[in-house]
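Trainee: missing the sequence, but the structure's below:
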Ligand SMILES: C[C@@](CO)(OP(=O)(O)O)[C@H](O)COP(=O)(O)OP(=O)(O)OC[C@H]1O[C@@H](n2ccc(N)nc2=O)[C@H](O)[C@@H]1O
Ligand SMILES: Nc1ncnc2c1ncn2[C@@H]1O[C@H](COP(=O)(O)OP(=O)(O)O)[C@@H](O)[C@H]1O
């Protein structure tokens with residue numbers, strides 16, 4: 001009898017996102033600081049005794065077919081370990097979706113990372129973290145971080161990770177219009193068209209370029225647990241294109257910023273916006289203020305906490 005596993009897959013926020021330049025592969029060279037938060041999807045992975053993978057998800061914005069990132073992760077495992085697929089068979093993947101979809105919170109990437117971990121366990125592969133990370137990077141730029149979690153500096157296209165000792169005392173209020181999605185590819189392409197002249201030139205050499213990257217003070221604030229500074233130093237280049245295109249997201253950001261907290265920023269390619277808070281009480285107060293200021297049934301608001309884990313097995 002083969003085991004089934006239930007895994008928790010946390011969302012991430014971007015505390016920092018700087019676009020350094022474009023890359024020959026069409027992606028963008030980044031410096032990011034990524035943070036896992038307590039808002040999690042729950043995935044159950046069940047051996048199904050079939051020669052196929054199946055995805056079950058009730059959320060109307062999430063496909064259950066071969067385009068689901070969780071399905072793609074399972075397919076990658078089949079291609080990478082055909083003998084294990086032949087021996088153990090496929091799995092059913094049931095996704096309980098709690099992370100808002102297409103929100104800049106890496107929900108799909110987190111699901112893909114969870115499937116890699118689940119199949120590794122079910123097929124008794126015993127993969128090392130670097131082996132899992134190599135597979136993760138083939139599925140998407142954010143998938144390696146989702147696997148590892150915690151707090152990390154991410155470079156390259158987002159897949160090269162340097163873990164840092166993060167803070168675990170911060171809370172956040174997270175808000176998103178449920179009727180609004182932003183395509184990540186659109187956000188990067190639009191940024192490239194609008195701000196190409198601000199990219200650091202490759203000709204300057206890596207040393208010169210590194211001096212011009214501005215994430216240092218925020219990394220230092222995180223390491224020294226300076227909450228107020230962390231709030232002040234939040235940064236996201238993609239705000240320049242997303243807030244311009246979506247005035248209601250810009251307005252939401254403004255209202256959240258005025259409601260108190262340590263600092264407010266859009267996460268990733270948006271459109272979710274978060275405000276960092278010192279405590280759960282402060283987060284609840286800000287949540288109430290934002291609800292009262294924006295009377296829109298499409299606005300979702302969540303409270304979450306910084307966490308120090310990536311994919312974990314639910315007990
Ligand atoms: C913006 C960020 C910030 O953390 O997250 P989200 O807002 O999507 O959560 C990431 O960079 C998104 O990561 P992820 O969603 O895994 O992206 P991928 O699937 O690899 O790529 C989606 C598309 O984004 C663009 N892309 C992505 C990463 C990168 N460094 N440069 C890019 O130009 C490419 O056009 C690509 O086709
Ligand atoms: N398992 C999944 N969870 C969420 N979205 C998924 C999943 N698989 C595919 N998608 C599709 O991927 C797109 C991006 O979703 P998501 O990963 O939540 O956002 P983001 O890239 O902004 O972090 C959505 O349009 C959604 O339909």
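Mentor: It's in. Everything numeric in this text was worked out from a predicted model, so none of it was measured. Ligands and ions are numbered 1, 2, ... in the order given.

Trainee: Quick check: buried residues in stretch 217-231?
Mentor: The neighbour-count check on stretch 217-231 (16 or more other Cβ atoms under 10 Å) flags 218-219, 221-222, 226-227, 229-231 as buried. To be clear about C-beta, it is placed using only N, CA and C from the backbone, and glycine gets the same treatment.

Trainee: Spatially nearest residue to the residue of the stretch 201-315 of the chain at minimum distance from ligand 1 (excluding sequence neighbours)?
Mentor: Closest approach of the stretch 201-315 of the chain to ligand 1 (Cβ to the nearest ligand atom) occurs at residue 268, with a separation of 2.4 Å. Spatial nearest neighbour of residue 268, excluding adjacent residues (Cβ to Cβ, 6 or more residues apart in numbering): residue 104 at 3.2 Å.

Trainee: Let me know the secondary structure of that neighbour.
Mentor: When the structure is split into helix, strand and coil by DSSP: H, G, I helix; E, B strand; the rest coil, residue 104 lands in coil.

Trainee: What's the first helix or strand after the helix or strand bottoming out on mean pLDDT in the chain?
Mentor: Each helix and strand of the chain was given a mean pLDDT (mean pLDDT, DSSP states H and E); the minimum falls on helix 205-211 at a mean of 64. Read in the C-terminal direction, the helix or strand following helix 205-211 is helix 216-223, with elements assigned using DSSP states H and E.

Trainee: center of the chain - which residue?
Mentor: Computing the C-alpha centroid of the chain and ranking residues by Cα atoms, centre = their mean puts residue 106 first, at 3.2 Å.

Trainee: Now do the same contact list for that residue.
Mentor: Residue 106 makes contacts with 11-12, 99, 142, 145-146, 268, as judged by Cβ atoms under 8 Å, 6 or more residues apart in numbering.

Trainee: One more: residue 234?
Mentor: Taking Cβ under 8 Å, 6+ apart as the contact definition, residue 234 lies against 15-16, 218, 263-265, 276.
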